[in-house]
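Chemist: output the structure for:
(2 chains)
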Amino acid sequence: MITSIRGRVLLLAMLAQLLATTCAVGLAVWYVDRALWTSVDSELQAKAVSLLALVGQADDNPYALDFDSNQVNVPNGDLFYIVDPRGRTVAGSSSWITDENRPEPQERIWRFKLNGIKYRGKALIGTPILDQENTKVPQLRVNLYYAMPVARTLARIAEATRKAVLVGVLSLLVSALLTWWAVGRGMAPLIELAARADKIQAVRAEFDLPPCTLRSVELMPLGRALQSLASRVRAAFDRERQFLSDAAHELKTAIAIQKSTLQLLEQGKASEAEYREGIARALEDTARTERLVASMLLLSSIEHAQQSPESSDAPNLHSSLEESLQITADRLQPLAQMKDVVIDLKLDGSHRVAGKESELSLLWMNLIENAIQHSAASTRVVVDVSDAKPGTCRVRIADCGSGIAAADLPHIFDRFYRSDSSRSRATGGFGLGLSIAKAIVVALHGSIHIESTPQRGTTVEVILPHAN
Amino acid sequence: MHVLVIEDEERLAQNLAKAITKNAGFAVDIALNGEDGLHLATSGVFDAIILDLMLPGKPGQEVLAGLRKTGDKTPVLILTAKEDKASVIALLDSGADDYLAKPFDLGELLARLKALIRRGKGQASPQLVVGDLVLDFNTRSAARGGCRVEMSPMEYRTLEYLMMRQGSVVSKEELLEHLYDYNWEKFSNVIEVYISTLRRKIDSGNAERLIHTLRGRGYVLRKGEPQ
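Modeler: Coordinates of the predicted model:
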């Protein structure tokens, strides 16, 4: 089994070429052979007839035959024998006609070997003589045998055959080389494409289509596919790098706070009360770091779960939308009271969605808590559930709060993005809440959309498919 | 000395302020976002600025660029989570004087801050000397003619500032701006009280007067005429 495409193409081309060349050479040799033997036979015929012309009636006896031996012009090496029907020799010698090389009665052309020399003979049996003047006697006939050596003809045939085969073999070689070169040239863009594809790295995933690819209809799809793969890799890598950089910044800041709190305690002398306060602060800082790490891990696990195909244990889990909203609202009641905000749940009917209760609660927790945090005092956060397009339901969470600036809207789902940070920082957020909410919605095959008017309020709309 | 901390993590900013006040005795003001930070920084009353890079409103780089555009020469120490060479080079090239990567060591931060302030005032050595008066910036103590001068923290701060600016006329307003943070009630006669106490502790009993009052203009610390 040949694994190289070049080798396979070459082998196939050579097989076809060999077949064609063999046919051509065979035909050529056959044609030359036929032509040469035809000309030999014509020569034999001519020579035999010229001898026949020398046979005439004897002057003395109209029934006897005479041969004008003076005019005989037989090349050296040729053999002839003329005999009348009664077996009387008219001319030539019968010595070369032996039992072995005598022609069969029906044969007019025959071949034989005499003293190691190959001959071709022509027999004119019962041929009327050409020069019969006296027509009163019956037509006189003779048997004429003529033979000539064929060494020269055989040599010419052999020569022609050799030449034909040589030309055939040469053309085969030339076409093998041409095929090898042409296939190699044809494959060059593929090899270049492979070399460039090999250089694609996550760090700088760049892929320029080599110009040769643009000229090849077959390679274009591959080139384009590689190009889009490279850009996807680049985008994914950039996203991860950005996330890592942001995560590093958040973690380093969290650790910087802890470290400075502890180092502050270490410096100079402090009273017991100061130490106690310092330790309490350090613990607060640690708790904050812990929350940050937990949020990052949570986001990562939700995003990872939605990428892995075997995460389809969710369809079996049905949760009540209303129940999860109610539970979350109850949990957020203390915060709402503290901020003097009323959570207004408008729940009617019952909707079940595919998804874990814990995930749904986390989703509502993030969204409703955001709404409360950004609400002005003595306002309401309205949560209502309605039917959307067939098979889906809509949850709207509306607040009358500070709203989101138009410039921030496209980025609010970005990880670690904080629009108005002094506010977000004050509420202890890390800029991961909405990223987590979006990851949960995406995992549940839903969609999330935010509309906001600064100083008027924000409305979050979540569309979730019903459980089957 | 008066230091501005521009840092959006309130807890970190407070820790920094506490450490600086406690260990170096400097007045500290805090800005929690870039816009406020730039506004405060351009007021020209700070002897050094600690600037975080990742800031809401206006990123640290923009604050730095905005500050340098006004021609302000206040030393700036950058706090950054990025440690790669390229970003450090870009920072120093755009006018920062020093940088520290988070999480940093408070002791190192204080040492760098003090060095930046010293350099900013044109002093190479932590020992500031005028005649036979020696002030040690690190131990926060002073001695005249080999005898230690006992001072309250505010008296020391006043002397430290005058020593840093030795030979130049320092107005009462300048002293107020550089010795107190913005939350302090400012009374210019407080300065007069400190100056007279310092003069009593340093100059009385010595042949050479070092603290001079220029009526209507301020004070100057220099080797001067004998009493």
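Chemist: how many neighbours does residue A:278 have?
Modeler: Neighbourhood size, residue A:278 [other C-beta atoms under 10 Å in any protein chain shown]: 16. Glycine gets a C-beta too; all of them are placed from N, C-alpha and C.
Chemist: is the helix or strand where it lies anywhere near chain B?
Modeler: Element membership of residue A:278, judged by DSSP states H and E, is helix A:272-307. Yes - Helix A:272-307 is in contact with chain B by C-beta under 8 Å from any C-beta of the partner chain, via A:281, A:285.
Chemist: after that helix, next one along is what?
Modeler: Downstream of helix A:272-307 (by DSSP H and E), the next one is strand A:318-320.
Chemist: average pLDDT for that next one?
Modeler: For strand A:318-320, mean pLDDT rounds to 81.
Chemist: just the CA coordinates for the next helix or strand after it, please, in CSV.
Modeler: Of the helices and strands lying after strand A:318-320 in sequence (DSSP H and E), the nearest is helix A:321-338. Extracted C-alpha coordinates of helix A:321-338, given in CSV (Å, rounded to 0.1, in the frame of the first residue of the first chain):
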residue,chain,number,x,y,z
LEU,A,321,-39.9,29.2,38.2
GLU,A,322,-42.2,30.7,40.7
GLU,A,323,-40.9,28.7,43.6
SER,A,324,-37.3,29.6,42.8
LEU,A,325,-38.2,33.3,42.5
GLN,A,326,-40.1,33.2,45.8
ILE,A,327,-37.2,31.5,47.7
THR,A,328,-34.8,34.1,46.3
ALA,A,329,-37.0,37.0,47.2
ASP,A,330,-37.4,35.7,50.7
ARG,A,331,-33.6,35.4,51.1
LEU,A,332,-33.1,39.0,49.8
GLN,A,333,-35.8,40.5,52.1
PRO,A,334,-33.3,41.7,54.8
LEU,A,335,-31.2,43.5,52.2
ALA,A,336,-34.3,45.0,50.6
GLN,A,337,-35.5,46.3,54.0
MET,A,338,-32.1,47.7,54.8
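Chemist: buried ones in the helix or strand just after helix A:321-338?
Modeler: Next along the chain after helix A:321-338, taking DSSP H and E as the criterion, comes strand A:341-346. Buried residues in strand A:341-346, defined by neighbour count with 16 or more other C-beta atoms under 10 Å in any protein chain shown: A:341, A:343, A:345.
Chemist: which one of these sits closest to chain B?
Modeler: residue A:341 (23.3 Å; C-beta to the nearest C-beta).
Chemist: bridged to that closest one, which residues?
Modeler: residue A:379 (DSSP bridges).
Chemist: who's in contact with it?
Modeler: A:372, A:375, A:377, A:378, A:379, A:380, A:381 (C-beta atoms under 8 Å, 6 or more residues apart in numbering or on different chains).
Chemist: likewise for residue A:396?
Modeler: Residue A:396 sits next to A:382, A:383, A:384, A:386, A:459, A:460, A:461, A:462 when contact means C-beta under 8 Å, 6+ apart.
Chemist: related to what we said a few turns ago, can you say which of the contacts of residue A:341 are buried?
Modeler: Burial by neighbour count, 16+ other C-beta under 10 Å: within the contacts of residue A:341 this picks out A:372, A:375, A:379, A:381.
Chemist: correct me, but the second one touches residue A:400?
Modeler: Yes - contact status for residue A:375 versus residue A:400: in contact at 6.4 Å, counting by C-beta atoms under 8 Å.
Chemist: that older thread, make TSV out of the contacts of residue A:341 and add pLDDT and distance to residue A:81.
Modeler: Shown next, in TSV, are the contacts of residue A:341 (pLDDT from 0 to 100; distance: C-beta to C-beta, whole Å):
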residue	pLDDT	distance to residue A:81
A:372	91	134
A:375	88	136
A:377	87	143
A:378	90	145
A:379	91	139
A:380	92	138
A:381	93	134
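Chemist: closest one of those to residue B:10?
Modeler: residue A:372 (20.8 Å; C-beta to C-beta).
Chemist: distance check, that closest one against chain B.
Modeler: According to C-beta to the nearest C-beta, to the nearest Å, residue A:372 and chain B sit 21 Å apart.
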